[in-house]
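Trainee: Take a look and give me a structure for this.
(4 chains)
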There are 2 protein chains.
Amino acid sequence: MTEMPTLRRPRPAADEASPGAPLRRLSLYQVVAERLRHMVLEGELAAGSRISEKRLCEAFEVSRTPLREALKVLANEGLVELLPNRGAQVTAVDPAEVHDLFEVMAALEGLSGHLLVERASDAEIAEIRALHARMLELHRRQRRQEYFEANQRLHRRLTEIAGNRVLLEQQGQLTHKITRARYAANLQQGRWDESAQEHGVILAALEARDAAALSAAMVEHMRRTGAAVLDGLTASRR
Amino acid sequence: MTEMPTLRRPRPAADEASPGAPLRRLSLYQVVAERLRHMVLEGELAAGSRISEKRLCEAFEVSRTPLREALKVLANEGLVELLPNRGAQVTAVDPAEVHDLFEVMAALEGLSGHLLVERASDAEIAEIRALHARMLELHRRQRRQEYFEANQRLHRRLTEIAGNRVLLEQQGQLTHKITRARYAANLQQGRWDESAQEHGVILAALEARDAAALSAAMVEHMRRTGAAVLDGLTASRR
DNA sequence: GGCGGTCAAATTGAATTCAAAATACAGTAT
DNA sequence: ATACTGTATTTTGAATTCAATTTGACCGCC
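Mentor: Numbers count the residues shown, from 1 in each chain, chains lettered A, B, ... in the order given. So this is what the prediction gives:
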């Protein structure tokens, strides 16, 4: 059988003119890493499953070089594991790790609460209030996926307002892992209702600019979420 | 001039027999990443300096592939920055970031304190006592470098005993960056003396198994260290 | 049928190659 | 002398190639 002489495809010239393109082209490995991250977080790549480089290269239409660079970055983040000479696999969600994760997140939320009271402007508090209102609406209409996304944005926005960039980055990393656990856990309706209420308490403390109360409410919220996720995890694997 | 026809040097066969070798061979990129990390932390690669891939490849005697993989991992850790099409450079130490760093570290130390009182065995407390005694001795004899290393080990050991693996990992990452800042700051004798005393307070609270006191002491220790480092940083760049 | 053993094919780790971009350099006009 | 332009050189991004290892098929044997 005659093989098509697959010709070398060099990186395309950086044409400034492409209309909707981002301001400056990302490296291929960054694009691949981001797509992989998504696939792992959403469970599109099952936990524990082997990753075939060839398959992913074909799926992403890149050579092995940027794919392998991306895998090494994700391995450093703990989302995949590299088995020497035997490729990569998606890291399994370990309940013990999830427990530890929420313990650390709670501590960071505590800090966030204190900083927020110090640093949030009235306008920013109004912004949070609006986000909260939108979430209540989504809760009322039972839009689970949208609520979840709004929730992520709210938490991220709170940390942004807290104004500590290291905190923002650390929480980002931990949130990645928590997202995975959350997908795996598949939380119950009861916890959802509770969670929406806790957000109300958090907002009230923020509006009152009561650092102790806000910090406590955020820590408690994270503790309860962690407990529910762990519960869901152990339930879902019998 | 006749160029020596540099021949391809394949990876060496994994001979099990090599005596002092580690149990399983590390990938080249891991070795390179670790060496690079060291060079950045110790200031061997100056902050802000451009990194030439060629030079480093020659220094490490590896090809560009594993070197570039390592650079991407370090970039993800924030130790280097990748400028598109213009190579890598060592991330500068930013005082604002250092401030944020210590704020987050203090929060994590607070958690660590609570966990330690819950989880440390008597034997582990004795171990910490011994480490502390050794540090006092090093302080008395003014062995600055050794004291610093013992200090790192003590803090790491405390977090290990706290028994939260996520906490251990996060602190590890932050400690990397703090180490850089500390080198750049070059702390004063006065702070060293203070620090040794604060360790005494920490040990006492741990021995008394007083969670609130231990947590507070660890937070305070981190806060003061942070203040001193920031002070040193701003002083050293006039 | 199940168990080792051998060899071919596939996969991985890392060096090399090739094209695009950035940089250095020379010559020219101002 | 300085700024500017076009060209050669170097460096970077990513595809490809090559060697070592793992995987898997096939086979004889019990």
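Trainee: Please list the residues of chain A that sit near DNA strand C.
Mentor: Counting by C-beta under 7 Å from any atom of the strand, the residues of chain A lying close to DNA strand C are A:8, A:10-14, A:51-54, A:64-65, A:68, A:82, A:84-88. Every C-beta, even on glycine, is put in place using the N, C-alpha and C of the backbone.
Trainee: now with 10 Å?
Mentor: The interface of chain A toward DNA strand C, taken as C-beta under 10 Å from any atom of the strand, is made up of A:7-16, A:24-25, A:50-57, A:63-65, A:67-68, A:71-72, A:82-89.
Trainee: For chain A, which segments are assigned as helices?
Mentor: In chain order, chain A shows helices spanning A:28-41, A:53-60, A:64-77, A:95-119, A:122-140, A:144-162, A:165-185, A:189-207, A:211-236, with DSSP state H as the criterion.
Trainee: how many degrees apart are the last one and helix A:189-207 in direction?
Mentor: Orientation note: helix A:211-236 sits at an angle of 170 degrees relative to helix A:189-207 (axes from the mean of the first three to the mean of the last three C-alpha atoms, to 10 degrees).
Trainee: Give me the below-cutoff pLDDT ranges for chain A.
Mentor: Low-confidence segments of chain A (pLDDT under 70): A:1-7, A:14-24, A:238.
Trainee: let's see 50
Mentor: A:1-3, A:18-22 (pLDDT under 50).
Trainee: Can you name the residues of it sitting close to chain B?
Mentor: Residues of chain A lying close to chain B by C-beta under 8 Å from any C-beta of the partner chain are A:24-25, A:27, A:29, A:65, A:68-69, A:72-73, A:76-78, A:82, A:84, A:96-97, A:100-101, A:103-104, A:106-108, A:110-111, A:115, A:164-167, A:169-170, A:174.
Trainee: Go ahead and build a ChimeraX selection from the buried members of those residues.
Mentor: If you want just the buried ones from the residues of chain A next to chain B in ChimeraX, going by 16 or more other C-beta atoms under 10 Å in any protein chain shown, the selection is:
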select /A:25,27,29,68,69,72,73,76,77,82,97,100,101,103,104,106,107,108,110,111,115,164,165,166,167,169,170,174
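Trainee: returning to what we had before: list just the one of the helices of chain A that sits closest to residue B:142.
Mentor: helix A:165-185 (32.8 Å; C-beta to C-beta).
Trainee: Nearest spatial neighbour of the residue positioned nearest the centre of chain A, chain-adjacent residues omitted?
Mentor: Per C-alpha atoms, centre = their mean, the C-alpha nearest to the average position across chain A is that of residue A:176, at 3.2 Å. Distances taken as C-beta to C-beta, 6 or more residues apart in numbering or on different chains place residue A:41 nearest to residue A:176, at 6.2 Å, with adjacent residues excluded.
Trainee: related to what we said a few turns ago, format the helices of chain A as JSON lines; extra columns: distance to residue B:147.
Mentor: Shown next, in JSON lines, are the helices of chain A (distance: least, C-beta to C-beta, whole Å):
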{"stretch": "helix A:28-41", "distance to residue B:147": "40"}
{"stretch": "helix A:53-60", "distance to residue B:147": "47"}
{"stretch": "helix A:64-77", "distance to residue B:147": "31"}
{"stretch": "helix A:95-119", "distance to residue B:147": "28"}
{"stretch": "helix A:122-140", "distance to residue B:147": "44"}
{"stretch": "helix A:144-162", "distance to residue B:147": "34"}
{"stretch": "helix A:165-185", "distance to residue B:147": "26"}
{"stretch": "helix A:189-207", "distance to residue B:147": "43"}
{"stretch": "helix A:211-236", "distance to residue B:147": "35"}
